[in-house]
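Enquirer: give me a model of this one.
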Amino acid sequence: MTDLDSEIGMTGTGRGLIIVDPASIPSEPPAESFYRHRVAVLPAIRDAWRRNEIIVALAERDVRSGYKQQVLGMAWAVINPVLSVLIFTIIFSHVKAFKVPGVPYVIYSYTGMLCWTYFAGSFSNGGSAMTGNINLLQKTHFPRECFPLSQLLEQVLYTTLAFLPLVILLIVHGFAPHIEALWIPLFLPVEVLFAAGMVLAMSSLIVYVRDLTQLMGLILQFGLFATPIIWPLSKLAKVSFGPFHHVDMRPYYVFFNPLGGVIDNVRRTALQGLSPEWNLLGLAAASALLYFFIGYRIFKRLETGFADIS
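Expert: Residues are numbered from 1 along each chain as shown. Below you'll find the predicted structure:
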């Protein structure tokens, strides 16, 4: 035994040190030693709701600064959907398959565009809310979801402004909404839940993968035509797949895209005087709630690294 071995042995015995064979040490730490961020969605929602004044303050700040250096200012909130509907009307108003009896096409398409404008604005601005507020993010301690959720509140103002041209169109065409339009407030929470889930998920993922900023534009471009804005959802009621004829694809579509169910029911009630299609609306509501909880869970799971990565 060498002097070094004797010293180690005495040290191990006298001071409580244990000599371990290096071959017995695992190459990786045990799984239970990793930090696991527990996600409690319902308490997080209650916490965010108690801080709703922050959401309002952030939305007000963005409204004041968003169009500050622009000549037309908030008029762009009206110009953008109006120009889109004019283009759609010129191109698609003569397509017989897109027409609905008794409803001017420009009113039909603009109604769908209003619903889409709210979602698209929320998704576009809310998706980049975390990366656009880096300095504030690192200096504050309120719930991080207040940043993207404030964009949903901000878009309420812009969508309200964009509603004014619809009033003008109704007057010009002498078209009065039906009494069934009173059902519309029941449809709006479905769209808000769907938009909130998508915004929360995208805003948290963009912090880690900045390339998703470019992908948002592609998603909105595709969604504009994939959502029943220029075409009626009833076109999916009878779809043929090889030997299968007249398959109703609307339930599948509405579950994947709850916004389709919202737009369809807004048009059915306000423009056609029909009762809401409750089965599709219920499916859209269930899907929107699922989107919301998944999006919120993704956000809370990833929020621990926001300040470091930003």
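Enquirer: past the helix or strand encompassing His246, which element shows up next along the chain?
Expert: Per DSSP states H and E: His246 is located in strand 244-247. Downstream of strand 244-247, the first helix or strand assigned by DSSP H and E is helix 250-256.
Enquirer: mind pulling the model confidence for the residue lying closest to Trp116 once chain neighbours are set aside?
Expert: Nearest residue to Trp116, sequence neighbours excluded (CB to CB, 6 or more residues apart in numbering): Ile229, at 5.4 Å. To be clear about C-beta, it is placed using only N, CA and C from the backbone, and glycine gets the same treatment. In this prediction, Ile229 carries a pLDDT score of 89.
Enquirer: start at 888, not 1
Expert: Let's use 888 as the start, then, which means that last one is Ile1116.
Enquirer: could you report the neighbour count for Ile1116?
Expert: Counted with other CB atoms under 10 Å, residues neighbouring Ile1116 total 26.
Enquirer: before we move on, what about Pro1064?
Expert: 16.
Enquirer: number of residues surrounding the closest residue to it other than its chain neighbours?
Expert: The shortest distance from Pro1064 to any non-neighbouring residue, by CB to CB, 6+ apart, is to Ala1157 (4.6 Å). Burial measure for Ala1157: 23 neighbouring residues, criterion other CB under 10 Å.
Enquirer: one more: the one 10 residues further on?
Expert: By the other CB under 10 Å criterion, the neighbourhood of Leu1167 contains 22 residues.
Enquirer: so what secondary structure elements neighbour the host helix or strand of it?
Expert: Element membership of Leu1167, judged by DSSP H and E, is helix 1165-1189. Contact here means 3 or more CB pairs under 8 Å, 6 or more residues apart in numbering; DSSP states H and E; on that basis helix 1165-1189 packs against helix 928-937, helix 1071-1095, helix 1137-1143, helix 1145-1157.
Enquirer: what's in contact with the shortest one?
Expert: Think helix 1137-1143. Residues outside helix 1137-1143 that contact it (CB atoms under 8 Å, 6 or more residues apart in numbering): Leu1120, Ser1121, Leu1123, Ala1124, Gly1147, Gly1148, Asn1166, Leu1167, Leu1170, Ala1171, Ala1173, Ser1174.
Enquirer: may I ask which two of the residues you listed are separated the most?
Expert: Ser1121 and Ala1173 (21.3 Å; CB to CB).
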